[in-house]
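*Asks:* Sequence first, predicted model second:
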Amino acid sequence: MIPIAYEVDSQMNIRFLPAVLVLLSIQLLCLSATASGARIHRSPTAGHSKKTHLKRHRTVSHRIHGQQSIEPGRATQIQQALIREHYLTGDPSGKWDAATQAAMVKFQADNGWQTKLAPDSRALIKLGLGPDHSDALNGSAITHADPLPKPDPSVDNDSGLIAASGISN
């Protein structure tokens, strides 16, 4: 216990009785809590650091997604197109080798496309090796429209627009 000093005057009045009673009750609470084995819970800001929980890692095998290699038939088609466009020399081997890869990267770079992933779908389409829609429900109806003609700068289109709108000057 903590010794408490207090004064007793000539009329035997205890001046600090309320303070003494408060301190005694706090000491009794602390002793009873310690004797019973109970813990006093404090807020996290009371000097205690938060406990870090160990994460349990699941053992999942690393799965590789997407296409892993190019089939020999498709590699032959790509090589033939690259030879036709003068990006590759020799005969098509059907193997996606370093020379074919380099030719495809060069073709993509020359067209301003990304070079990290080869072959790029835009490159295959430009080489004439895009998707085949012939087996689609409307595959025979698919047509590629010609681009719109550029306007002739010598023709005054404003006068025709004004006449068609019915607005008079």
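*Replies:* Received, thanks.
*Asks:* quick one, domains of the chain?
*Replies:* What automatic domain parsing lists as the domains of the chain is 1-37, 72-126.
*Asks:* Can you list the buried residues in the helix or strand containing Arg122?
*Replies:* Here Arg122 sits within helix 121-126, counting by DSSP states H and E. Going by neighbour count (16 or more other CB atoms under 10 Å), the buried part of helix 121-126 is 123-124, 126. The C-beta positions use only the backbone N, C-alpha and C, and glycine is treated the same way.
*Asks:* Quick check: of the residues you listed, which lies closest to Gln108?
*Replies:* Nearest to Gln108 out of the buried residues of helix 121-126 is Ala123 (CB to CB; 4.9 Å).
*Asks:* pretty sure the closest one is in contact with Met104, am I right?
*Replies:* Yes. Applying CB atoms under 8 Å, one finds Ala123 in contact with Met104, separated by 6.6 Å.
*Asks:* Low-confidence stretches in the chain?
*Replies:* Residues of the chain that meet the criterion pLDDT under 70 lie in 1-17, 32-60, 138-169.
*Asks:* can you rerun that using 90?
*Replies:* Applying pLDDT under 90 to the chain flags the ranges 1-70, 114-122, 129-169.
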